[in-house]
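*Asks:* got a predicted structure plus its sequence, pasted below:
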Amino acid sequence: MRIVHLSKTPLASSPGHMSQYLNEVGATSSHFFEKDYPGDLANKMVNNSIHFNGDAVSTEILKEHLDEADIIHVHNYISPKLTLLINQYHFGTDIIYHVHSPLQEGPLFTNAAKMMDLRFTKLFVVAQYQPRHYQDYQPICNIVSDCKTSVLKNESKVPRVLYTPAHSRKGGRWNPKGSEILNTAIKSLSDQGKIELKTPKKMSSNQLLTYRGICDITIDEILTGSFHQISLEGLSAGNIVVNNADFFSLEMLKLAINSNEAPPFFKMSENNCHEKLNEIITTPNDFKEDLKETSKAYFKKYLSPQRLALTLLEKYGA
């Protein structure tokens with residue numbers, strides 16, 4: 001099976017990872033993106049991807065891939081130029097539309113699948129909060145790499161906490177990620193020397209995952225009831241993963257990965273973050289190590305890249 005992934009941006013390496021691991025389980029896959037991230041993130045999320053910039057060479061390469069593809073997998077939204085090329089050069093059976101996590105909420109209430117001149121045969125949605133809005137779409141789990149250096153025993157006296165909120169956009173039910181209450185609680189614990197706070201600058205996805213592997217705790221957002229890709233990365237790294245994922249978000253993940261077990265997330269909200277953070281850091285080290293092992297074991301059982309790539313092939317109909 002030949003699959004071509006197309007996206008406007010690298011989408012935090014998600015389509016690139018899908019393509020990479022589909023190749024590892026016997027498919028033939030490639031990912032083309034139109035525009036890289038600006039600034040410090042440039043070239044950091046595109047290790048497994050091809051830049052389609054519209055010039056003669058990238059157009060020729062893409063045409064060949066489209067012509068040979070059995071499946072075109074469109075992520076979020078692509079330009080009219082790409083949709084035109086698909087309609088001209090793709091003669092396979094399936095064109096798939098896949099909703100991810102946009103920074104703005106507009107795509108959640110405007111069906112972008114109907115804005116592109118493409119006849120989609122299957123509809124996917126990232127298995128976080130988005131299935132609430134796309135109830136007829138199949139939930140799909142993001143694929144993250146297996147952190148090979150994870151579950152390293154921390155010999156320091158205090159736990160290492162990795163906290164890197166992606167943005168501070170306000171407004172909208174599902175946009176918020178940053179919490180001033182949580183920021184205050186974390187800073188207080190750091191100032192008291194009760195945690196070793198890690199707030200790395202923008203890194204490549206592989207570098208950040210490896211860095212996460214030397215930490216003990218990953219903190220995702222605690223505001224919306226959703227979780228994000230960093231929670232999956234935290235499980236891969238064998239971290240204690242903190243978020244406020246609600247019942248529906250967890251059920252959609254379980255559905256996407258064919259699991260009867262919920263992930264071992266540590267639930268925390270703004271209302272109890274001071275109490276819950278203290279609960280984690282005062283837990284005996286042996287028990288913290290057990291929690292970390294539980295995270296890694298869940299990842300290996302349900303979220304390994306190869307398992308999810310095979311699950312994706314099943315959803316394609318392979």
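*Replies:* In hand now; what should we look at?
*Asks:* would you put the C-alpha positions of stretch 256-276 in CSV?
*Replies:* Extracted in CSV, the C-alpha atoms of stretch 256-276 (Å, rounded to 0.1, in the frame of the first residue of the first chain):
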residue,chain,number,x,y,z
ALA,A,256,-8.7,4.9,18.8
ILE,A,257,-6.1,2.5,20.2
ASN,A,258,-8.4,-0.5,20.8
SER,A,259,-7.8,-0.5,24.5
ASN,A,260,-10.0,-1.3,27.5
GLU,A,261,-7.5,0.4,29.8
ALA,A,262,-7.4,4.1,30.3
PRO,A,263,-3.9,5.7,30.3
PRO,A,264,-2.3,6.2,33.7
PHE,A,265,-2.6,10.0,33.7
PHE,A,266,-2.4,11.8,37.0
LYS,A,267,-5.5,14.0,37.1
MET,A,268,-5.2,17.6,38.4
SER,A,269,-7.2,20.9,38.0
GLU,A,270,-6.7,24.5,38.9
ASN,A,271,-8.8,23.9,42.0
ASN,A,272,-6.4,21.3,43.5
CYS,A,273,-3.1,21.8,41.7
HIS,A,274,-1.2,23.0,44.8
GLU,A,275,-2.4,20.0,46.7
LYS,A,276,-1.9,17.5,43.9
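*Asks:* buried stuff in that stretch?
*Replies:* 256, 257, 263, 264, 265, 266, 268, 273, 274, 276 (16 or more other C-beta atoms under 10 Å). (Each C-beta comes from the backbone N, C-alpha and C, glycine too.)
*Asks:* show the pLDDT at the fifth one.
*Replies:* Meaning residue 265. Listed pLDDT for residue 265 reads 98.
*Asks:* over to the second one?
*Replies:* As summarised for this prediction, residue 257 has a pLDDT of 97.
*Asks:* among the buried residues of stretch 256-276, which lie within strands?
*Replies:* Secondary structure defined by DSSP state E assigns residue 266 of the buried residues of stretch 256-276 to strands.
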